[in-house]
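A.B. asks: here is a sequence with its predicted model. Questions after.
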Amino acid sequence: TSLMGKVSAEPQWWVGGMRALYQYSTGYMLYDTIFSIFLPMMSGEDMDAKILGHHLVSIYLMFSNQLSDAAYVWLMVFMFSGEFTNPLQNIFGATQLSVKVFEDPLTLGFHAVMEFSFALIYFIVRVGFGPIVVSYMSYRALFGAEVKNVPFLVRASWVFLVMMMMVGSISLMTECYEMLSDGLIVKYHRDYEL
């Protein structure tokens, strides 16, 4: 399978699997976008523009890739490198809240391990793996012969938006570096304002 070839040239089972994954992921992003708009409205908090932007860009990338009949694997690799840490991030988020409620050593210890684990994996994936994937795939999206069926401006928009998503994650990369620097001394302790 080509990283950026025409999807319709692939075996039917592969095309069906990729389309199912994209449709599921696009549906999830639509749901999460709606959730990220209405939850802050209902709780009286400000909406996080970075999170909303991330969701809208992801929806555009997935939708335009499906329409273009190209570059599915490119975007799947990028999405994997970005979302790989999501389960750890969600568990870490839950432990951030749990230490505000529970004071037992098991909860505090689990939170310390999750904070360090999330920070380590996120930092490795985003700082180590992310730029390599983005650089290689961006070059292929712009100059690869296998995507010439996709208008250059569409491919350029993919590259620009993927780069902006990487830039948008710099603050979390920095935060993860700070969490790693502390070792198992937690940054987000019981009295920390979330």
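C.D. replies: Nice, thanks for sending it over. Residues are numbered from 1 along each chain as shown.

A.B. asks: please count neighbours and contacts with C-alpha atoms only from this point.
C.D. replies: Fine.

A.B. asks: mind giving me the packing neighbours of the helix or strand containing Val73?
C.D. replies: Per DSSP states H and E: Val73 is located in helix 72-83. Using 3 or more C-alpha pairs under 8 Å, 6 or more residues apart in numbering; DSSP states H and E, the elements in contact with helix 72-83 are helix 49-68, helix 130-143.

A.B. asks: burial of Ser138, as a residue count?
C.D. replies: The number of residues packed near Ser138 is 20, by other C-alpha atoms under 10 Å.

A.B. asks: residue ranges for the helices of the protein, please.
C.D. replies: For the chain, applying DSSP state H gives helices covering 12-43, 49-68, 72-83, 86-101, 105-123, 130-143, 152-168, 170-181.

A.B. asks: in the chain, where is pLDDT below threshold?
C.D. replies: Across the chain, residues meeting the criterion (pLDDT under 70) sit at 1-8, 69-72, 194.

A.B. asks: and for it, the residue most distant from the center?
C.D. replies: Distance from the centre of the chain peaks at Asp104, with 32.4 Å (C-alpha atoms, centre = their mean).

A.B. asks: backbone torsions only: list them for it.
C.D. replies: When read as degrees, to the nearest 10, the backbone of Asp104 gives phi -70, psi 150.

A.B. asks: what do you get for Asp46?
C.D. replies: Dihedral angles (degrees, to the nearest 10) for Asp46: phi -80, psi 140.

A.B. asks: quick one: contacts for it?
C.D. replies: Pro40 (C-alpha atoms under 8 Å, 6 or more residues apart in numbering).

A.B. asks: and it, how far from Leu30?
C.D. replies: 19 Å (C-alpha to C-alpha, to the nearest Å).
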